[in-house]
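1. quick one, structure for this:
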Amino acid sequence: MSGPDPYALFEGNRACLRDRELAERLAAPRPDFSAPVHYRFMEARNGDPVPAIASRPLHSLFDPRREGERLVSTLDGEDFLIVFGFGGAYHVEAALARPETDQVVVVEFGLRGFAELLGLRDLRGLIADPRLRLLVDPPPGALERLIPDLYLPALSRAIRTLPLRPRVEGGAFAAAAAEVRSAIGRISADYSVQAHFGIRMFKNTLRNLLGAETGGPALPRICRAVVCAAGPSLDSQLPRIAEARGRKGAPFLIATDTSLPALLSGALEPDAVISIDCQHIGYRHFIPPRRSRPCKTGAVQAASPGAAPLIPPHIPLFLDLASPPSLASLAARPVFCSAGHPLTAYIASSWRPFPRIDGSGGNVTHAAVSLAESLGAAEIELYGADFSYPLGRTYARGTYIFPYFDTSQNRLGPLETYFSRLLYRGPLEKGSRDPAGKAWYYQTETLTRYRESLEAAGERMEARLLPAAGLGAPIAARTAARRDTEPRAGPWAEPWASPWASPWAETRPDAPRLSAREFLGRYREQIRALPPAAPGTPAGTYLAGLGNEGRRILATLLPLAASLRQREPERDGVIGHLKDYAAAAIDRVLAAKL
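-> Coordinates of the predicted model:
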């Protein structure tokens, strides 16, 4: 096959690569185009060059450009494309020719084979396109980490994979496709949360800032911790926790919000409580039930109307900045944290520091384990974490759900009806802890994802996670013991003298650089300063035109954008509407009386 000098084509194409690390990897050894090793090169009937593996061409031998256009014509409005296989890039060229295409990520394996493809034809315009990202020999796990950073469903339309079939059969491409599916699953789950709660999280965070100017209590440095979740297994585990708490050098006890009433009903007082839910339903965990009679299902004795909150005044309540402001009003010692929301992370880096906890697990048990690790715990015992419904039960006795349903039941809707509705509100999968199937439990897709996320976190943590055997789905944990059980230097832990004395100081002076109102005013102006987006502008193109500070500000608004988009999916001018809504919300907070 005659044509342009392949060495000149290779060097010209390589020079246009924006990924300079990839360009350096391709520089040596230089491919030998007189005797290519990885591909054969054929000529299509229309004169275009076509690469082939063995004798199998990767594109049409009649008109590869037309074939690429036909392949891309199967797309249905998707603007973020993941292409498996580079080949002669005719399909990539056709994808980038679509005006609605936002980004194209090409995955290819075999660096030396890719070098040979760069000598096939002039691809300088395609390679220089800012919408194109080339990933050659990505290491395991790279795609699963990268895709969520690139694809922004709040601003983009849809994501689609586009395989070059003759190139991607089996091998590394199959593993890459599995990573992409996993990443899309995570993106879908995260986006669903953002779409449902983005507005609430944004408003809660703004309102909480006005009460977060002064620092919370000093934070302890601990050796061992016990984390209590609210699964049914907690009922039988309370005596074991009480025994550990009665010994000298007792572990530091962290209660999730849901488990607090169950612990208090068992005469166990935690050292700290944590709540990260942005919904107002979390308020019920801290308020005694209204009914004056004890409910037959094991709820705590109800208090009279107007009774004090359940959380004792000397116990700190760790809250995400996006938690409902009403929860902070219930605690004498609220400690605001940043649990991973883009806005709270921005506030912590730009206004005043807040403790960081891992909220990526999507549940309060995961966040409580992260809190224990951040306080320096070398070992973390975990109780009540069933992540399933053992024997069809949903929560430990004493939790808010029992008095809540007890006050709701009537002759036509007995208590069992409410618990059945809670249990069977979605698809269930049955599992068992024993071969005979007697220790059975129901699990859901969401609860399984929570458990797997905690298991992955346990493998990453320096602290050793010790899940107590319970009735629900077993939690896999690292079996290797730590070399020491001394308290670690957590990222924001402070030492305290005695594990029995109260570690909580009266104040923790974290003076912010600006007042809360001054910070919110500056943040509003930064939002207003975001440039407008022309109608139809792809999200990637708009982001590429922003500076670093502009991208940081826009990132804080993405969960809000997801929520607004769910409300009005057909609305044009997403960026303009987003800016107006956010600025108006800040104005309302600034106008409120203290």
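2. show me what secondary structure element comes after the helix or strand residue 419 falls within.
-> Under the criterion DSSP states H and E, the helix or strand holding residue 419 is helix 415-423. For helix 415-423, the following helix or strand on the C-terminal side (DSSP H and E) is strand 429-432.
3. contacts for that next one?
-> With contacts defined as Cβ atoms under 8 Å, 6 or more residues apart in numbering, strand 429-432 is touched by 388, 438-444, 448, 473. Every residue, glycine included, has its C-beta placed from N, CA and C.
4. poorly predicted segments of this structure, please.
-> 1-3, 170, 215-217, 289-309, 478-512, 593-594 (pLDDT under 70).
5. residue nearest the centroid of it?
-> The chain has residue 360 as the residue nearest its centroid, 4.1 Å off, counting by Cα atoms, centre = their mean.
6. I figured it hits residue 453, correct?
-> Yes - the pair formed by residue 360 and residue 453 meets the contact definition of Cβ atoms under 8 Å, at 7.1 Å.
7. list residues touching both of those two?
-> When contacts are counted by Cβ under 8 Å, 6+ apart, residue 360 and residue 453 are jointly contacted by residue 366.
8. list the buried residues in the longest helix seen in the chain.
-> In the chain, with assignment by DSSP state H, the single longest helix is helix 171-209. Applying a neighbour-count criterion of 16 or more other Cβ atoms under 10 Å, one finds 172-173, 176-177, 179-180, 183-184, 186-187, 190-191, 194-209 buried in helix 171-209.
9. please apply the same query to stretch 421-432.
-> Of the residues in stretch 421-432, those buried under the neighbour-count criterion (16+ other Cβ under 10 Å) are 428, 431.
10. now that stretch, how far from the centre of its chain.
-> Relative to its parent chain, stretch 421-432 has a centroid offset of 24 Å by Cα atoms, centre = their mean, to the nearest Å.
11. picking that back up, and the contacts of strand 429-432, which of them are buried?
-> Burial by neighbour count, judged by 16+ other Cβ under 10 Å, picks out 388, 440-444, 473 from the contacts of strand 429-432.
12. pull the most distant pair out of the residues you listed.
-> Distance extremes for the buried ones among the contacts of strand 429-432: the farthest pair is 440 and 444 at 14.5 Å, using Cβ to Cβ.
13. I figured residue 56 was touching residue 166, is that so?
-> Yes - the pair residue 56 and residue 166 qualifies as a contact (Cβ under 8 Å) at a distance of 5.7 Å.
14. and the two? which has more neighbours close in?
-> Using other Cβ atoms under 10 Å, the more surrounded residue of residue 56 and residue 166 is residue 166, with 15 against 9.
15. pretty sure the more buried one sits in a strand.
-> No - Residue 166 is assigned coil when assessed by DSSP: H, G, I helix; E, B strand; the rest coil, not a strand.
16. surely residue 204 meets residue 324?
-> Yes - Residue 204 lies in contact with residue 324 (Cβ under 8 Å); the separation is 5.8 Å.
17. ok but residue 105 is inside a strand, no?
-> Yes - the assignment for residue 105 (three-state DSSP) places it in a strand.
18. residues contacting the residue nearest to residue 408 when sequence neighbours are not counted?
-> If the residues on either side of it in the chain are set aside, residue 408 comes closest to residue 418, at 6.2 Å by Cβ to Cβ, 6 or more residues apart in numbering. Under the criterion of Cβ under 8 Å, 6+ apart, the contact list for residue 418 reads 405, 408-409.
19. and the residue nearest to residue 22 when sequence neighbours are not counted, bridged to which residues?
-> By the measure of Cβ to Cβ, 6+ apart, the closest residue to residue 22 outside its immediate chain neighbours is residue 136, 6.0 Å from it. For residue 136, the beta-bridge partners under DSSP bridges are residue 108.
20. correct me, but residue 136 touches residue 112?
-> No - using Cβ under 8 Å, residue 136 makes no contact with residue 112, being 10.2 Å away.
21. more neighbours: those two, which one.
-> Legend: neighbour count by other Cβ under 10 Å for residue 136 and residue 112, higher for residue 136 (19 against 14).
22. contact partners for that one?
-> With contacts defined as Cβ under 8 Å, 6+ apart, the neighbours of residue 136 are 22, 25, 108-111, 114.
23. quick revisit: now the helix holding residue 419 - C-alpha only, PDB.
-> Listed next in PDB are the C-alpha coordinates belonging to helix 415-423 (Å, rounded to 0.1, in the frame of the first residue of the first chain):
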ATOM      1  CA  LEU A 415     -48.400  -2.500  63.200                       C
ATOM      2  CA  GLU A 416     -47.500  -5.500  61.000                       C
ATOM      3  CA  THR A 417     -48.800  -3.700  58.000                       C
ATOM      4  CA  TYR A 418     -46.400  -0.900  58.400                       C
ATOM      5  CA  PHE A 419     -43.400  -3.100  58.900                       C
ATOM      6  CA  SER A 420     -44.400  -5.200  55.900                       C
ATOM      7  CA  ARG A 421     -44.600  -2.100  53.700                       C
ATOM      8  CA  LEU A 422     -41.200  -1.000  54.900                       C
ATOM      9  CA  LEU A 423     -39.700  -4.400  54.200                       C
END
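24. distance from that helix to the middle of the chain?
-> Distance, centroid of helix 415-423 to centroid of chain: 30 Å (Cα atoms, centre = their mean).
25. could you do stretch 163-175 as well?
-> That offset, for stretch 163-175, works out to 28 Å (Cα atoms, centre = their mean).
26. swap in stretch 386-400?
-> Per Cα atoms, centre = their mean, the displacement of stretch 386-400 from the mean C-alpha position of its chain is 25 Å.
27. and the gap between residue 571 and residue 562?
-> In this view, residue 571 and residue 562 are 13 Å apart by Cβ to Cβ, to the nearest Å.
28. out of the two, which sits in the busier spot?
-> residue 562 (23 against 11).
29. and what about the more buried one, helix, strand or coil?
-> Under three-state DSSP, the three-state class of residue 562 is helix.
30. re the thing from before, which neighbours do residue 204 and residue 324 share?
-> Here residue 204 and residue 324 have residue 278 as joint contacts, going by Cβ under 8 Å, 6+ apart.
31. quick one on the thing from earlier: next, format the buried ones among the contacts of strand 429-432 as CSV and append distance to residue 350 and secondary structure.
-> Below are those laid out as CSV (distance: Cβ to Cβ, whole Å; DSSP: H, G, I helix; E, B strand; the rest coil):
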residue, distance to residue 350, secondary structure
388, 41, coil
440, 50, strand
441, 45, strand
442, 44, strand
443, 41, strand
444, 38, coil
473, 40, coil
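32. just these now: which is nearest residue 522?
-> Proximity of the buried ones among the contacts of strand 429-432 to residue 522 was ranked by Cβ to Cβ; the top entry is residue 444 with 43.2 Å.
33. how many neighbours does residue 20 have?
-> The criterion is other Cβ under 10 Å. On that basis, residue 20 has 8 neighbouring residues.
34. so what's it up against?
-> For residue 20, no contacting residues are found, by Cβ under 8 Å, 6+ apart.
35. and residue 61, by the same measure?
-> Taking Cβ under 8 Å, 6+ apart as the contact definition, residue 61 lies against 42, 44-45, 50.
36. 6 Å instead?
-> Under the criterion of Cβ atoms under 6 Å, 6 or more residues apart in numbering, the neighbours of residue 61 are residue 44.
37. what about it, distance to residue 361?
-> Taken as Cβ to Cβ, the span from residue 61 to residue 361 is 52 Å.
38. please apply the same query to residue 133.
-> Per Cβ to Cβ, residue 133 is found 29 Å from residue 361.
39. the two: which is more packed in?
-> A count of neighbours by other Cβ under 10 Å puts residue 361 above the other of residue 133 and residue 361, at 23 against 17.
40. roughly how far does that one sit from residue 542?
-> Using Cβ to Cβ, one gets 31 Å for the distance from residue 361 to residue 542.
41. need the phi and psi values for the closest residue to the residue nearest to the centre of the chain other than its chain neighbours.
-> Nearest non-adjacent residue to residue 360, counting by Cβ to Cβ, 6+ apart: residue 340, 5.6 Å away. Listed backbone geometry of residue 340 is phi 110, psi -10, with angles given as degrees, to the nearest 10.
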